[in-house]
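J.: predicted model, plus sequence, below.
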Amino acid sequence: MKSRIYHTQSEEQTIALGESLASELPAQAVVLLIGNLGAGKTTLAKGIVKGLKAAQPDDVSSPTFTLIHEYGSGVYHIDLYRLDTPAQVARLGLEEIFERPAIVLIEWGERFPELMPKERIEIRLRSTGEDSREIQVAQVK
Ligand code: ADP
Ligand code: MG
């Protein structure tokens, strides 16, 4: 995955960016979506899931309460916002999901760095205006 910085000016552009990033992903990857509330993590996830042809954007929502959503053909979307301790996260059994030939998108995973795989893609999203976002993609390891 190429490291680079993108700028989007609307929700639709962020979804389109997610679709194009999806085509660059390897068959197995853990992708941390990092940014404040409202930065666009779930919006980018919609685009990635769409690009992977696993679901339509309207069917992708924040797994804030369910914690883990699984979309067709090995695509997971995880939101750790409501969990407070590493012990709670450990109970989800993420290691097992990380071993699958799957794309795993995680919101708030950076809060539990010791439980995330060393090799991962980090996407940092930042508001630069009401509808503008800076989106930085980096391969970590
Ligand atoms: P998060 O998951 O980071 O909390 P969401 O994706 O749920 O964020 O929400 C992002 C909000 O910001 C949505 O209401 C969306 O319409 C709005 N928005 C405005 N401009 C953009 C943009 N360029 N990219 C993504 N979302 C945007
Ligand atoms: Mg979200």
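T.: Cool, the structure landed. Ligands and ions are numbered 1, 2, ... in the order given.

J.: up against ligand 1, what does the protein have?
T.: For the chain, the contact set with ligand 1 under C-beta under 6 Å from any ligand atom comprises 8-11, 13-14, 35, 37-43, 62, 107, 131-133. Yep, even glycine has a C-beta here, placed from its N, CA and C like the rest.

J.: quick check on those: which are buried?
T.: Thr8, Glu11, Gln13, Thr14, Gly35, Ala39, Gly40, Lys41, Thr42, Thr43, Glu107, Arg133 (16 or more other C-beta atoms under 10 Å).

J.: check which helix or strand the residue nearest the centre of the chain maps to.
T.: The C-alpha lying nearest the average C-alpha coordinate of the chain belongs to Leu105 (C-alpha atoms, centre = their mean; 3.4 Å). Assigned by DSSP states H and E, Leu105 belongs to strand 103-107.

J.: next structured bit after that strand?
T.: With elements assigned by DSSP H and E, the helix or strand that comes after strand 103-107 is strand 120-127.

J.: who does that next one pair up with?
T.: Looking at strand 120-127 with DSSP bridges, its paired strands and their directions are strand 29-34 (parallel), strand 133-140 (antiparallel).

J.: if you compare the ones you listed, which one is most tucked away?
T.: The densest packing among these, expressed as mean neighbour count by mean count of other C-beta atoms under 10 Å, is seen in strand 29-34 with a mean of 23.

J.: could you check the angle that one makes with strand 103-107?
T.: Relative orientation of strand 29-34 and strand 103-107, computed by axes from the mean of the first three to the mean of the last three C-alpha atoms, to 10 degrees: 20 degrees.

J.: with only the CA atoms kept, save strand 29-34 in PDB.
T.: Only the C-alpha atoms of strand 29-34 are listed here, as PDB (Å, rounded to 0.1, in the frame of the first residue of the first chain):
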ATOM      1  CA  ALA A  29      -4.900  -6.700   5.900                       C
ATOM      2  CA  VAL A  30      -5.700  -5.000   9.200                       C
ATOM      3  CA  VAL A  31      -6.600  -1.300   8.600                       C
ATOM      4  CA  LEU A  32      -6.700   1.100  11.600                       C
ATOM      5  CA  LEU A  33      -9.000   4.100  10.900                       C
ATOM      6  CA  ILE A  34      -7.700   6.800  13.200                       C
END
